[in-house]
Every structure is written in structure tokens, then in C-alpha cells.
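**Student:** how would this look folded up:
(chains A, B, C and D)
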Number of protein chains: 2
Amino acid sequence: MTNPRPTTQLIASNVHQLAATKLAAVGQRYTANRRAVVEALLILPGPATIAELLNAGQGLAQSSTYRNLVVLEEVGVVHRIVTSDDHGRFELTEAITGQHHHHLICEQCGIIIDVTLDATVEAALERSLAQGAANHRFRGLHHRVDLLGVCRGCDGRAGPPVRQ
Amino acid sequence: MTNPRPTTQLIASNVHQLAATKLAAVGQRYTANRRAVVEALLILPGPATIAELLNAGQGLAQSSTYRNLVVLEEVGVVHRIVTSDDHGRFELTEAITGQHHHHLICEQCGIIIDVTLDATVEAALERSLAQGAANHRFRGLHHRVDLLGVCRGCDGRAGPPVRQ
DNA sequence: TTTACTGCAAAGGGTTTGCAACATG
DNA sequence: CATGTTGCAAACCCTTTGCAGTAAA
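**Tutor:** Now for the predicted structure:
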């Protein structure tokens, strides 16, 4: 298991172009606001909260940002992650970044760190999940692997009791 | 990957006794309401929403149920699952049921189906995650593997666009 | 000039909390 | 009787929506 390449090293122009294409395919525009959201997601390290996006992007309205995230999610540019720390987090999709990865989620502070598994484990997992899905006539689309625990920053210090 | 034994086949008295013990360890009582919640979780097939618990248990107050779930979660009897379908779901912990399992989550209706992976896949996954956690000085506590997709009931019929 | 997009303010809705009454050890 | 528990109602807070105005094709 290794760290995925930081998104900041992705070729931003490609990401923007892909995003624009995906939006255009359903008759939507790649506006300055939407570009700012994607830009913020490229820069921020790991999945970002709305608050972080509003800080990073300059002068974005909250409601527009939520709305744009919905649109970006619908066209497969952005992915929403829900944990139990009371606010959603957003990241660029694997279709955009080309990087299949998983998450270390801190149960104290909610921070999410991206990691990758090695290919053989991924493959075995895929097979096993596919079989289980078949048993239930469940049409599996994608899997999610998270490691819940305590991040380096929170470990040791007394954190607030966080659920999950 | 096989189906886990339905929780209804668990020996309920053991579960209740364990729950009572865990509560007693922190000076809390295993009241009728709390027992009713655990009972409902034993009976209901898979992780249950608050609404389902309120229906199953007879005359439970919403606020008390939320509070009891918090307490039961703190002592390790109950586990909260958050997906993006707008309400949390609750299940008995593996410490109580002794059944490590994972989830098939329907992105249309939010239903969650329990499944297990075979042991070799689990072991490989554990190792891989442990290594990744070490790289980030992240103290991993437990993992979560979900398969997102469309359940048998929702497949085919036009569902509402559900996020994630 | 039609349709998509924006931003303010208000509404929604699951979850949490204040508080007085109750139950339990 | 001291402490944990309950339930009603109100508050919370993240998220969504109504609506009038703006921008882009």
C-alpha cells in the first residue's frame, strides 16, 4: 500500500478540460464558480468540507457551491463522502483523477487521508465482493474501503468523544 | 463470500447479557427502553433507521432513542452507519454479535445488506491497510468495506437520483 | 431571448439538548 | 435521596430551495 500521487501533481488543465467536457455533455457550463470549486479540490489535500471550499475559493456563495457540487457530482466530476462528523466532504472522482484510492478516516477530527492498496489485494477484494453481490442479485457499482482510527495529530491528545 | 448468519438466529439472551455488562461497566443501566432498542436491532434484518426502531419498539420516544443509541454506541453495543441518504442507520457491533461483516448499500433506497468476505481476502486486506496506516502514523482501529450499487428491489425501476 | 447560473434569505429536516418529572439502586 | 433516565418541545446546524436578477449561448 502506497500513497497516491497528490492531486496537486495532477495536470490541472486535463482535469478542467475533462470537467468541461462532462458538463457540456448534458448542456451545462463550466462556469468560473465551478472551475473554482474544482481548482480548490485540486489544491486541498484530501477530501474537503464545504467550509474549506468556501475559504479556498474566493467569495463563493454557499448555496451556489452546494448546487454546483450537486451538478458536478451528477456528471461524475465530484464525489461526496459522508462520515459521521456532521459535514459532507468532497473529492474529485477517480474518473477525473484516474487514481483509485481509499481512505484513512480519523474518528476524532474527521480528517480523511487518501491511500491506495496494492493491486493484488484490490483484485481479490473485487472478486469477493462481486460474488457476494451476485448472491443477493445486487448490482454492485463501486466499492469503498475505509480504515477508521485516529490520525497522527489527534493521537495522544484527549479528543472529544466522536461517534462511529 | 457468504451471507452472515441472520442476527435473529443469535442467542438473544447472550446479547442482552453482554449489553447489560458493558453498560454496567460505566455505571449505566440496561433499562427497558435500551433493551427494546437492542431487541429491535436483533429482529430487524440489517442496519435500521431511527424510524424503523421507533416502529419496531413499542412507544419509544424519539429523543430517548437517540440518547440511548449514543450511550449504546459509547459502550460498544451499537454501531452507527452513515450513508448519504439523509438518515443514520444502526446495527449491533461485532463485539456483540461476533460476526465481522460488510455491507451492500443500495444507492437508490439506502437499504443495507450484510455480507461477509472470505477469510483470506480479509487477512490480505487487513495487512495492506495496516501498512498504509503505518505510513501515515495513523492508528487504525477497524476497517469498513462497502459495495455501493443497486439492490434487487430497485434495479430496473426508475429511482430518484440519489447522491453519492 | 431563451436557458443556465448566481446569491440572498428563508425553509427543511434529521439530530441534539433544556428541563422538569420519573425511576432505580 | 442521589443519580441515572425519560419525554416533550425547542433549538441546532448542515443542507436545500424560492425567487428575482445576471450572464452566457
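
**Student:** Would you indicate which residues of the strand or helix carrying A:S13 are buried?
**Tutor:** Using DSSP states H and E, A:S13 sits in helix A:12-24. For helix A:12-24, a neighbour-count test (16 or more other CB atoms under 10 Å in any protein chain shown) marks A:15-16, A:18-20, A:22-23 as buried. Any C-beta I mention is one placed from the backbone N, CA and C, and that applies to glycine too.

**Student:** could you dump those to TSV with distance to chain B?
**Tutor:** As requested, the buried residues of helix A:12-24 are exported to TSV (distance: CB to the nearest CB, whole Å):
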residue	distance to chain B
A:V15	21
A:H16	23
A:L18	20
A:A19	18
A:A20	22
A:K22	16
A:L23	16
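
**Student:** Tell me how far A:A19 lies from B:N55.
**Tutor:** Counting by CB to CB, to the nearest Å, the gap from A:A19 to B:N55 is 44 Å.

**Student:** likewise A:T83?
**Tutor:** 27 Å.

**Student:** Let's see stretch A:128-146 as PDB, backbone CA atoms only.
**Tutor:** Output of stretch A:128-146 as PDB, limited to C-alpha atoms (Å, rounded to 0.1, in the frame of the first residue of the first chain):
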ATOM      1  CA  SER A 128     -15.000 -11.400  -3.400                       C
ATOM      2  CA  LEU A 129     -17.400  -8.500  -3.500                       C
ATOM      3  CA  ALA A 130     -18.700  -9.400  -6.900                       C
ATOM      4  CA  GLN A 131     -19.600 -12.900  -5.700                       C
ATOM      5  CA  GLY A 132     -21.400 -11.600  -2.700                       C
ATOM      6  CA  ALA A 133     -23.300  -9.100  -4.800                       C
ATOM      7  CA  ALA A 134     -24.400 -11.900  -7.100                       C
ATOM      8  CA  ASN A 135     -25.800 -13.900  -4.200                       C
ATOM      9  CA  HIS A 136     -28.200 -11.100  -3.400                       C
ATOM     10  CA  ARG A 137     -28.900 -10.100  -7.000                       C
ATOM     11  CA  PHE A 138     -27.300  -6.800  -6.100                       C
ATOM     12  CA  ARG A 139     -25.800  -4.800  -8.900                       C
ATOM     13  CA  GLY A 140     -22.500  -3.500  -7.500                       C
ATOM     14  CA  LEU A 141     -21.200  -0.400  -9.000                       C
ATOM     15  CA  HIS A 142     -18.100   0.500  -6.900                       C
ATOM     16  CA  HIS A 143     -16.600  -0.400  -3.600                       C
ATOM     17  CA  ARG A 144     -15.400   1.600  -0.700                       C
ATOM     18  CA  VAL A 145     -12.700   0.700   1.700                       C
ATOM     19  CA  ASP A 146     -12.000   2.900   4.700                       C
END
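
**Student:** if we can go back for a sec, does any part of the helix holding A:S13 sit near DNA strand D?
**Tutor:** No: using CB under 7 Å from any atom of the strand, no contact is recorded between helix A:12-24 and DNA strand D, whose separation bottoms out at 9.1 Å.

**Student:** average pLDDT across the longest helix along chain A?
**Tutor:** Longest helix in chain A by number of residues (criterion: DSSP state H): helix A:119-135. Average pLDDT, helix A:119-135: 94.

**Student:** helices or strands next to the biggest strand by length in chain A in the packing?
**Tutor:** Determined from DSSP state E, the single longest strand within chain A is strand A:139-150. Secondary-structure packing of strand A:139-150 (3 or more CB pairs under 8 Å, 6 or more residues apart in numbering or on different chains; DSSP states H and E): strand A:102-106, helix A:119-135, helix B:119-135, strand B:139-150.
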